[in-house]
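Q: Any chance you could fold what I've pasted below:
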Amino acid sequence: MKLALFSDTFHPQINGVARTLKRLTDYLEINGVEYKVIMPSFEEMNQETECKQYYGMKSLPLFLYPECRLAIPQLKALDGELNKFKPDLLHVATPFNIGLFGMRYGKKENIPMVASYHTHFDRYLAHYHLDFLFPLLWRYLQWFHRPFEKIFVPSEETRKVLYSKSFTNIEIWSRGVDCDMFTPQNRDYHVREKYKITEKYIFLFVGRLAPEKDLDVLQEIINKLPTTLRECVHWLIVGDGPSRNVVDHWEKKHSNVTCAGYLSGVELAQVYATADLFVFPSSTETFGNVVLEAAASGLPSIVSDSGGVTEIVQDGITGKICTAGDANSFIQNIVSLMEDPLLLQSMKLKARNYALTQSWSAIFGNLLMQYEEAIYKKNKNKTVIA
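A: Below you'll find the model as predicted:
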């Protein structure tokens, strides 16, 4: 199998999609599957991402989501690159320009194509007061995804959303976690020293700092925690994005709030393992990789009842599920959990045990099987037509 993968974001950029696709290409390499990533060129590109397996296209930052890029058309050069590679399957992980280029090439050359749906763009639009674009967006997404043999989604919740919009051929491609990297054994007191944390508890948020992550709800939780608990808690906010200035203001206003910026690797793993609770109010997640990383680190999560996070957290067992957008619901669940140390300890153990069942190897193995089915289905149809 020779796979061409089309994406607006890729390693070393730091977001859930980029990290998942990099893990996929690592798995393909280990298993001897040839691949080529078609992606934007960006400042973070290094020697590793400039080898023959990667083809970078000139691009501009994407409106609302500058971490993703809008490719500038270079159809002749891209066609030449793909003609040399001769892919057996195209995997399109974006509905924007690079995805359009991939779909065009696949239809022109009659090559099997699959897509993956990573982002609830309609929910993002709501946070930017662009709700009037909903009908246009969904008509475009329905049109774009029609030619694909399979559409991969990360959660059952996302599959239900797409079914409600008349999408077909939807398959679950879940997410895994590296339980050797994210582990309670990475608990490190130096995290407290580094961020000058003296409070008894560390409450953690990890994610893109942007309105669609429900940062307004997080701010309200920070402001309204009961005084007796608030005085014992230090909030550690990990991430960056267009709302970084808002979070920096929280840090100036509250002595118990620290914004650490982007963290990765061992640094991120140590922060997860050293925290006492993961608070993640985002209601726009198709999956929620950070919640699974928290679980692997033995960290219970307090999450919204909207999106794919509800399939990671078992309410009352590995964390708490709260009413989306309702800070009071989050506060009530946080307080009740912190008042029950035995339940908190039980949740830590059960969260870790759940994460241990989420193997990347099994997930990618199933994806390769789905790839092969898509190739077989397309080739069978070609034979019938011939």
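Q: hey, where'd the strands end up in the stretch 1-150 of the chain?
A: 2-6, 34-40, 54-57, 59-62, 65-71, 89-92, 113-116, 150-153 (DSSP state E, counting those that start in this stretch).
Q: which neighbours does the second one have in its sheet, and in what orientation?
A: Just to be clear, that refers to strand 34-40. The pairing partners recorded for strand 34-40 under DSSP bridges are strand 2-6 (parallel), strand 54-57 (parallel).
Q: In that strand, which residues are buried?
A: Neighbour-count burial for strand 34-40 flags 35-40 (criterion: 16 or more other C-beta atoms under 10 Å). C-beta: built from backbone N, CA, C; applies to glycine.
Q: could you dump the strands paired with strand 34-40 to TSV with distance to residue 152 and mean pLDDT?
A: TSV is the format used below for these (distance: least, C-beta to C-beta, whole Å; pLDDT from 0 to 100):
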stretch	distance to residue 152	mean pLDDT
strand 2-6	12	97
strand 54-57	21	88
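Q: Nearest to residue 203 among the ones you listed would be which one?
A: strand 2-6 (36.8 Å; C-beta to C-beta).
Q: how far does the closest one sit from the chain's center?
A: On the basis of C-alpha atoms, centre = their mean, to the nearest Å, strand 2-6 sits 20 Å off its chain's mean C-alpha point.
Q: can you check stretch 349-359 too?
A: With C-alpha atoms, centre = their mean as the basis, the mean position of stretch 349-359 lies at 19 Å from the chain mean.
Q: helix, strand or coil for residue 235?
A: Under DSSP: H, G, I helix; E, B strand; the rest coil, residue 235 falls in the strand class.
Q: Tally up the residues packed near it, please.
A: 26 (other C-beta atoms under 10 Å).
Q: what number of residues lie near the closest residue to it other than its chain neighbours?
A: Leaving aside its sequence neighbours, residue 235 sits nearest to residue 257 (C-beta to C-beta, 6 or more residues apart in numbering; 4.6 Å). For residue 257, the count of nearby residues is 20 (other C-beta under 10 Å).
Q: I'd guessed residue 257 sits against residue 230; true?
A: No: counting by C-beta atoms under 8 Å, residue 257 does not reach residue 230; the two are 10.9 Å apart.
Q: State the distance from residue 256 to residue 289.
A: 27 Å (C-beta to C-beta, to the nearest Å).
Q: Can you tell me the SS state at the residue nearest to residue 358 when sequence neighbours are not counted?
A: Among residues not flanking residue 358 along the chain, residue 176 sits closest, at 4.9 Å (C-beta to C-beta, 6+ apart). Recorded secondary structure, residue 176: coil (three-state DSSP).
Q: Look up how far residue 188 lies from residue 272.
A: Following C-beta to C-beta, the distance that separates residue 272 from residue 188 is 11 Å.
Q: Neighbour count for the two, which is higher?
A: residue 272 (27 against 16).
Q: Skipping its backbone neighbours, what lies nearest the more buried one in space?
A: residue 297 (3.6 Å).
Q: Let me see the contact set for the one you found.
A: 182-184, 186, 269, 272-273, 275, 352 (C-beta atoms under 8 Å, 6 or more residues apart in numbering).
Q: and which of these is nearest to residue 96?
A: Closest to residue 96, out of all of the contacts of residue 297 and judged by C-beta to C-beta, is residue 182, at 30.7 Å.
Q: Might you report the residue contacts of the closest residue to that closest one other than its chain neighbours?
A: Excluding the flanking residues, the one nearest residue 182 by C-beta to C-beta, 6+ apart is residue 296, at 3.8 Å. Going by C-beta under 8 Å, 6+ apart, residue 296 touches 177-179, 182-183, 272, 351-352, 355-356, 358.
Q: Show me which of those residues is closest to residue 79.
A: residue 178 (36.8 Å).
Q: Would you mind confirming that the closest one is in contact with residue 361?
A: No: Residue 178 is beyond contact range of residue 361, at 10.8 Å (criterion: C-beta under 8 Å).
Q: of the two, who's got more company?
A: residue 178 (15 against 11).
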